[in-house]
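[1] Coordinates only, no sequence provided:
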């Protein structure tokens with residue numbers, strides 16, 4: 001059921017609009033005694049989810065008893081990040097999701113079903129894992145808050161991904177990521193219906209229908225006058241609310257380029273991107289727009305690690321971004337990758353498959369570290385001078401020397417493709 005929906009390609013929803021939307025939906029739900037909010041972490045700062053979480057606290061007061069950021073495999077939020085993202089929400093309400101230990105299994109999606117929907121590429125069982133608080137916290141309302149946007153692992157981010165991956169466990173996260181990588185990232189990105197999503201939908205229907213989950217989904221776009229703005233908000237409890245948000249997101253966040261891009265420069269905001277685990281969105285989200293032999297230059301002043309998790313960081317350093325055949329071979333031969341299939345999937349996603357070149361310009365990693373994982377290196381200061389993010393506009397730019405580049409100020413907000421590489 002949809003409790004509230006509003007949005008279009010041209011809408012600009014302000015703070016009052018978002019507050020009115022949430023309050024209107026919550027009013028329809030009736031009184032609640034114990035509420036859990038599950039918003040994203042700081043890597044989704046621009047989602048407006050922090051603002052909406054604050055409105056939920058304003059509406060429910062002390063009946064909002066817990067806030068569980070959907071960390072997935074990401075690092076716990078800092079005090080500074082929580083204060084910035086969730087203004088006015090008491091710190092004592094926040095809980096830390098431990099994806100390796102603090103989970104329960106609601107049920108098992110059978111390998112036979114997964115084999116059927118992946119064309120036989122994957123046939124293992126998938127555990128529907130969630131944080132214990134989701135299933136055992138005694139809440140009479142769970143507000144899953146987040147942004148719908150094209151995504152490399154699951155086609156379109158959010159909806160039940162926020163629950164089964166954002167508060168999921170090691171096995172569930174790893175296996176879901178590997179399903180997407182094995183099926184083919186370029187067959188998934190920008191599509192709401194795909195094998196990974198169907199696995200999660202199976203779990204929602206079979207194992208989680210008893211949970212009082214309401215989804216609060218935003219669509220964020222770029223406005224020439226106002227910068228990042230909310231284009232839509234959709235609130236409901238079933239797949240339809242996600243589909244409607246996805247339809248708007250494709251209109252807002254997806255750009256089909258006229259010609260394959262030969263040189264792309266991506267800027268990674270240092271407050272948001274500190275690892276290649278996140279920063280490789282610059283690769284994931286642009287690869288379908290890149291010409292064979294193209295170059296992508298990643299300006300990454302905040303980059304200080306490869307993985308958000310110490311174990312994954314070690315695996316990335318060990319195996320590097322060396323393409324699908326090498327990664328699948330390494331996974332077959334090495335137990336550490338077999339036990340961390342999410343890392344193996346990420347190594348596939350972050351590789352150019354030798355089709356284009358990737359040059360990283362890091363703020364805190366050395367040339368040797370960058371080159372050890374199979375990326376090219378260029379000095380940050382030199383490249384920031386040549387390609388100054390403050391002077392470039394999103395999209396096509398002609399540099400003083402006549403060079404043509406395509407600039408992206410935040411890869412997390414979109415998906416770029418050329419028609420030759422994006423087809424139904």
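    Received the coordinates, thanks. Every value quoted in this text rests on a predicted model; they were computed, and no experiment measured them. Numbering: from 1, shown residues only.
[2] Show me the shaky parts of the chain.
    Residues of the chain meeting the criterion pLDDT under 70: 422-424.
[3] domain assignment for it?
    Domain assignment for the chain by automatic domain parsing gives 2-254, 258-421.
[4] I'd like the ones you listed laid out as CSV, including mean neighbour count.
    Every C-beta, even on glycine, is put in place using the N, C-alpha and C of the backbone. Listed next are the domains of the chain as CSV, based on neighbours: other C-beta atoms under 10 Å:
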stretch, mean neighbour count
domain 2-254, 20
domain 258-421, 19
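[5] Return the residues in contact with residue 4.
    Under the criterion of C-beta atoms under 8 Å, 6 or more residues apart in numbering, the contact list for residue 4 reads 21-22, 24-25, 28, 233-236.
[6] which ones among those are found in helices?
    Among the contacts of residue 4, the ones falling in helices (DSSP state H) are 21-22, 24-25, 28.
[7] wait, which of those residues is closest to residue 248?
    Nearest to residue 248, judged by C-beta to C-beta, of the ones in helices among the contacts of residue 4 is residue 21 at 14.0 Å.
[8] How is residue 73 classified with respect to secondary structure?
    Assigned by DSSP: H, G, I helix; E, B strand; the rest coil, the conformation of residue 73 is coil.
[9] ugh, wrong one, I meant residue 217
    strand.
[10] Surely it touches residue 243?
    No. Contact criterion C-beta atoms under 8 Å: residue 217 and residue 243 do not qualify, at 10.4 Å.
[11] Am I right that residue 404 is in contact with residue 263?
    Yes. Under the criterion of C-beta under 8 Å, residue 404 makes contact with residue 263 at 7.0 Å.
[12] Pull up the gap between residue 286 and residue 392, please.
    15 Å (C-beta to C-beta, to the nearest Å).
[13] nearest to residue 80, of the contacts of residue 4?
    Here the nearest of these to residue 80, counting by C-beta to C-beta, is residue 22; it sits at 25.4 Å.
[14] give the contact list for that closest one.
    4, 52, 55-56, 59, 216, 233, 235.
[15] Among the residues you listed, name the ones in strands.
    Judged by DSSP state E, strands contain the following of the contacts of residue 22: 4, 216, 233, 235.
[16] wait, what's in contact with the second one?
    It stands for residue 216. 22, 25, 49, 52, 143-146, 233-235.
[17] Check residue 298 too.
    Here residue 298 is in contact with 266, 268, 279, 282-283, 358-361 (criterion: C-beta under 8 Å, 6+ apart).
[18] I'd like those as a markdown table, with distance to residue 119 and secondary structure appended.
    Shown next, in a markdown table, are those (distance: C-beta to C-beta, whole Å; DSSP: H, G, I helix; E, B strand; the rest coil):
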| residue | distance to residue 119 | secondary structure |
| --- | --- | --- |
| 266 | 32 | strand |
| 268 | 35 | coil |
| 279 | 31 | helix |
| 282 | 29 | helix |
| 283 | 25 | helix |
| 358 | 29 | strand |
| 359 | 35 | strand |
| 360 | 34 | strand |
| 361 | 39 | strand |
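[19] Pick the one among the residues you listed closest to residue 71.
    For those, the residue nearest residue 71 by C-beta to C-beta is residue 279; the value is 17.4 Å.
[20] quick one: the closest one and residue 301 touch, right?
    No. Counting by C-beta under 8 Å, residue 279 stays clear of residue 301, with 10.7 Å between them.
[21] joint contacts of these two?
    residue 268.
[22] hang on, the earlier thing: now flag whichever of the contacts of residue 4 is closest to residue 180.
    For these, the minimum distance to residue 180 (C-beta to C-beta) is 23.6 Å, reached by residue 234.
[23] Quick check, that closest one in contact with residue 246.
    No. Using C-beta under 8 Å, residue 234 makes no contact with residue 246, being 9.4 Å away.
[24] Give me the common contacts of the two.
    Contact criterion C-beta under 8 Å, 6+ apart; residues bridging residue 234 and residue 246 by contacting each: residue 148.
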